[in-house]
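In: Model the structure of this input:
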Amino acid sequence: MKRSEAGFSFVELLTAMGILSVLAAVALPQLNSYKDSGILARVQGDLRHIATAEEAYFLDNETFTSCTNSDCVSKLAGITALSRGVQIEMISTGTEFTGTATHERLSVTCQWDSSQEGFLGCS
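Out: All right, here's what the predicted structure looks like:
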């Protein structure tokens, strides 16, 4: 009676591991790039939401308010929380305001200026 062997040989397993390692080496740097893009989108989104809440605050109080981080959440209606890691600073002159937003992981600062076109971009 002949015995049949089932399974993979050692060489086949090493080949499969090598292919997976190459794929992982290519995919991981791209994954970090996607994460950074997502974080940047969160920073921009939070800044836009805070700026919109500032406009609503102005309609009720006829002045803008200055605030930072959780202070903005408590002062401005419609803002329940900032995205994790996002830092916001809004500075009011009464009839105008500027805002900056950053994230602890990225070295990017996004800016908003109500006296100009609004969102000025990130640098």
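In: From here on, just use CA atoms for contacts and neighbour counts.
Out: OK.
In: end-to-end on stretch 56-76?
Out: For stretch 56-76, the first-to-last residue distance is 8 Å (C-alpha to C-alpha, to the nearest Å).
In: Run the chain-centre distance for that stretch.
Out: A distance of 22 Å separates the C-alpha centroid of stretch 56-76 from that of its chain, computed with C-alpha atoms, centre = their mean, to the nearest Å.
In: ok, and what's touching that stretch?
Out: For stretch 56-76, the external contacting residues (C-alpha atoms under 8 Å, 6 or more residues apart in numbering) are 50, 53-55, 77, 79-82, 87-97.
In: quick one: which of these sit in strands?
Out: Members of the contacts of stretch 56-76 lying in strands (criterion: DSSP state E): 87-92, 97.
In: Can you tell me which of the residues you listed comes closest to residue 104?
Out: residue 87 (7.7 Å; C-alpha to C-alpha).
In: Give me the distance between that closest one and residue 67.
Out: In terms of C-alpha to C-alpha, residue 87 sits 11 Å off from residue 67.
In: Phi first, then psi, for the most centrally placed residue in the chain.
Out: With distances taken as C-alpha atoms, centre = their mean, residue 39 lies nearest the centre of the chain, 2.2 Å away. As for residue 39, its main-chain torsions (degrees, to the nearest 10) stand at phi -60, psi -40.
In: re the thing from before, which of the contacts of stretch 56-76 count as buried?
Out: Buried by 16 or more other C-alpha atoms under 10 Å: 50, 53-55, 79, 82, 87-92, 96-97, out of the contacts of stretch 56-76.
In: for this protein, what spans make up the strands?
Out: With DSSP E as the criterion, the chain has strands at 67-68, 86-92, 97-103, 109-113, 118-122.
In: Sort out which residues of stretch 99-112 are buried, please.
Out: Neighbour-count burial for stretch 99-112 flags 99-103, 109-112 (criterion: 16+ other C-alpha under 10 Å).
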